[in-house]
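Asks: predicted model and sequence below, questions to follow.
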Amino acid sequence: MLSQDELKAMVGQAALQYVVPGEVVGVGTGSTVNQFIAALASMKDRIPGAVSSSKASSERLQAVGIRVFDCNEVGQLAVYVDGADEIDAHGCMIKGGGAALTREKIVAAQSERFVCIADESKLVRTLGAFPIPVEVIPMAAQRIMRQFAAIGGKAVLRLRAGQPLVTDNGQILLDVSGLQITDPLGFESMVNQWAGVVTVGVFARNRADLCLLGTRDGVRILHCA
């Protein structure tokens, strides 16, 4: 049976066929995307560069010789390649396990096509088993926790080395468990309206157009509808 790393490498390599030569590519964040970046190095001379959703991915791209552009330096991107913590059959996702959800959503919004790369364990019927990341402004954290409690969720502050994790944007993260997201678009719209929320890690408005799922039988292509 293939290991998780082998599945990630398989879908990372498969995603190369969706990269448009001559176009800047959007690149996400996380362990599966790291495999895509390693594969992308093989065609670095065929693309001008990339727009990245995190400092960590930018450093990896630069380390393999791929130029990194700021979002404001380029126009619409042909394709954005990123992973997911969960994805449903419609391409709606939970993202943000790697703490880059806000920048991921920005790059996704700037892209014509979102290609998700993941192993088959990430495909779910209903979103919510994976805790939902929410980037918030610190002064609003306790109130937002209470708002989640009022709808049946339990929000906890994400820590790193015993301290609140600080995102690339200088904010903090809550992780929310106990909810089943039966209406991803409605949930995303509701939470994004709460004062103090930077963004919620439910991607329904900027959902995936297709997903490359790594399975023991090879890469399964899920066309999201």
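Replies: In hand now; what should we look at?
Asks: which residue is nearest the centroid of this protein?
Replies: residue 95 (4.4 Å; Cα atoms, centre = their mean).
Asks: I'd assumed residue 102 was in contact with it.
Replies: No. Under the criterion of Cβ atoms under 8 Å, residue 95 is not in contact with residue 102, lying 10.2 Å apart. (Each C-beta comes from the backbone N, C-alpha and C, glycine too.)
Asks: for residue 29, list the residues it contacts.
Replies: 52-54, 56-57, 82-83, 98, 100, 103-104 (Cβ atoms under 8 Å, 6 or more residues apart in numbering).
Asks: domain boundaries for this structure, per the record?
Replies: 4-124+205-223, 132-200 (automatic domain parsing).
Asks: out of those domains, which one sits most buried?
Replies: Ranked by mean neighbour count under mean count of other Cβ atoms under 10 Å, the domains of the chain are led by domain 4-124+205-223, which reaches a mean of 20.
Asks: what sits closest to residue 201 if chain neighbours are left out?
Replies: Excluding its sequence neighbours, the residue lying closest to residue 201 (Cβ to Cβ, 6 or more residues apart in numbering) is residue 96, at 3.3 Å.
Asks: any idea how far residue 202 is from the residue nearest to the centre of the chain?
Replies: Distance of residue 95 to residue 202, computed by Cβ to Cβ, to the nearest Å: 8 Å.
Asks: ok, now residue 71?
Replies: From residue 71 over to residue 202 the distance is 21 Å, taken as Cβ to Cβ.
Asks: ok, now residue 180?
Replies: Residue 180 is 12 Å from residue 202, by Cβ to Cβ.
Asks: need the overlap of contacts for the two.
Replies: Common neighbours of residue 180 and residue 202 (criterion: Cβ under 8 Å, 6+ apart): residue 127.
Asks: can you map out the helices along this protein?
Replies: In the chain, the helices defined using DSSP state H lie at 4-14, 31-40, 55-63, 101-109, 141-150, 184-192.
Asks: turn these into a markdown table, including distance to residue 117 and mean pLDDT.
Replies: Converted to a markdown table, the helices of the chain look like this (distance: least, Cβ to Cβ, whole Å; pLDDT from 0 to 100):
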| stretch | distance to residue 117 | mean pLDDT |
| --- | --- | --- |
| helix 4-14 | 4 | 94 |
| helix 31-40 | 5 | 98 |
| helix 55-63 | 13 | 98 |
| helix 101-109 | 13 | 98 |
| helix 141-150 | 29 | 98 |
| helix 184-192 | 20 | 98 |
